[in-house]
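Peer 1: just coords:
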């Protein structure tokens, strides 16, 4: 087993409540929601894993993105890369926090972002708030395309996930980004897909853009 570590320092001041302690401010919500989606894309087993580990990815890009988001949220993480396997070697990328358990900001970000996407009455229909909702939709797909198992064909773009709530968020997010989406059960997971062609390209283009939340 070979491993290496690295630290990601915080680049943002401590989180500021937005008037109610249960809500994140606009500057933090998109980051917290995307980070929560990254964690929900994977299934972490609790057996023989340190309590400080917040996530374990097979994708270095997903681990790097989560570390960046956590650092911006004022919750820096330490990275660990493990090379495992005997005949077939593979790498795992883990992120550890200084305290055990997931930071509360991830739960807050997920709850607030999910409500904004699935309950239009919670956000309103003004142009800035619609832009805010689309930024969250792009963040959800960005996380899924980085961390979930991709299922790419000429006719579809799909991601494999195990979280039913995340599946609902991705379907709604695709609609907000201008593409239809569907969910189909597969062995041990759910497959969320959008059609190929313009719909696929739209999701890829919008999710590649890290758009700040509108005011």
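Peer 2: Yep, that arrived. All figures in this text were calculated on a predicted structure; none of them were measured in a lab.
Peer 1: make it CA atoms for all contacts and neighbour counts henceforth
Peer 2: Will do.
Peer 1: hey, which helix or strand in this structure has the poorest pLDDT?
Peer 2: strand 2-7 (a mean of 36; mean pLDDT, DSSP states H and E).
Peer 1: just the pLDDT at residue 132, thanks.
Peer 2: Reported pLDDT at residue 132 in the predicted model: 86.
Peer 1: what about it, helix or strand, and which?
Peer 2: For residue 132, the element it lies in under DSSP states H and E is helix 127-147.
Peer 1: buried ones in that helix?
Peer 2: 129-147 (16 or more other Cα atoms under 10 Å).
Peer 1: packing partners for it?
Peer 2: In terms of contact count using 3 or more Cα pairs under 8 Å, 6 or more residues apart in numbering; DSSP states H and E, helix 127-147 is assigned the packing partners helix 26-40, helix 60-72, helix 104-118, helix 164-176, helix 198-207.
Peer 1: please identify the most buried of those.
Peer 2: Among those, helix 26-40 has the highest mean neighbour count (mean count of other Cα atoms under 10 Å), at a mean of 24.
Peer 1: just want the angle from that helix to helix 127-147.
Peer 2: For helix 26-40 against helix 127-147, the angle by axes from the mean of the first three to the mean of the last three Cα atoms, to 10 degrees is 30 degrees.
Peer 1: low-confidence ranges in the protein?
Peer 2: Low-confidence segments of the chain (pLDDT under 70): 1-22, 44-48, 120-125, 209-215.
Peer 1: distance of the residue sitting furthest away from the middle of it from residue 196?
Peer 2: Centroid-distance maximum for the chain: residue 87 at 31.8 Å, with Cα atoms, centre = their mean. Using Cα to Cα, to the nearest Å, we find residue 87 at a distance of 36 Å from residue 196.
Peer 1: so what's residue 66 up against?
Peer 2: Contact analysis of residue 66 by Cα atoms under 8 Å, 6 or more residues apart in numbering lists 35, 38.
Peer 1: ok, residue 98 next?
Peer 2: Contacts of residue 98 by Cα under 8 Å, 6+ apart are 52, 77.
Peer 1: ok but it is inside a strand, no?
Peer 2: No - applying DSSP: H, G, I helix; E, B strand; the rest coil, one finds residue 98 to be coil, outside a strand.
Peer 1: just read off the phi/psi values of it.
Peer 2: phi -70, psi -20 (degrees, to the nearest 10).
Peer 1: that older thread, now the residue farthest from the centre of the chain, what's its secondary structure?
Peer 2: Going by three-state DSSP: residue 87 is coil.
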